[in-house]
Structure formats: C-alpha cells, structure tokens
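Colleague: what's the 3D shape of this:
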Amino acid sequence: MSSFKVDILNTGLIIVAFVLAYFLPFELFLFSYAVLGPLHYFTEINWIKEKNYFVDNKFWIYIIGLFCLIITLPTL
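Modeller: Residues are numbered from 1 along each chain as shown. Model (predicted):
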C-alpha cells in the first residue's frame, strides 16, 4: 500500500471519527474505552514480545512484587 493511500485512509478515518464524536459523543467514548482500549493493549503486548522487552528471569518479578507490597503495607 503506497504512502498516499495510507494518508487518504487515515484522513478518512479521522473524518469518520469526528462525525461519530459529534453525533454520539458519550456512546463513542464508552465504545472506545470498552472495546478499542483493550484491543490496543493486546496488539501492544505482541509488539513488546517481538522486541524482547519482557524479563526472562522470574527473580525480578518477585523482587518487584515484594517491593510493591512493602510500599503499600503502611496504607493497609
């Protein structure tokens, strides 16, 4: 797909989003929050896995969990 076609597609999607937000502001907010937000995170997790950003050693997970528990213990 050429860059020009992608630009036209993005512009069209922005216009559609504007029209929907004008006529259905609250419903569009709920849809974005409930559906599009989690979908974004699912795709982001795959991207992070491909870049090897996750920690391989499980020791660090326990250290961070213990640190979080120590920080939140006084408020509990």
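Colleague: Please enumerate the helices of the protein.
Modeller: Taking DSSP state H, the helices of the chain run over residues 3-23, 25-31, 37-50, 59-72.
Colleague: what about residue 72, neighbour count?
Modeller: Around residue 72 there are 9 other residues, counting by other CB atoms under 10 Å. Where you see a C-beta, it was placed from the backbone N, CA and C, and this is true even at glycine.
Colleague: swap that for residue 32, sorry
Modeller: Residue 32 has 14 nearby residues by other CB under 10 Å.
Colleague: Start the count at 51 instead of 1 going forward.
Modeller: With the count now opening at 51, the last piece we talked about shows up as residue 82.
Colleague: roughly how far apart are it and residue 109?
Modeller: Separation of residue 82 from residue 109 (CB to CB, to the nearest Å): 38 Å.
Colleague: Same check on residue 120?
Modeller: Taking CB to CB, one finds residue 120 at 17 Å from residue 109.
Colleague: what do you get for residue 61?
Modeller: Residue 61 is 49 Å from residue 109, by CB to CB.
Colleague: try residue 60
Modeller: According to CB to CB, residue 60 stands 44 Å off from residue 109.
Colleague: do the same with residue 101
Modeller: From residue 101 across to residue 109, the span is 21 Å (CB to CB).
Colleague: cool, and residue 74?
Modeller: With distances taken as CB to CB, residue 74 is found 49 Å from residue 109.
Colleague: who's more crowded, those two?
Modeller: residue 74 (12 against 9).
Colleague: Kindly list the main-chain dihedrals of that one?
Modeller: Main-chain dihedrals, residue 74, degrees, to the nearest 10: phi -130, psi 60.
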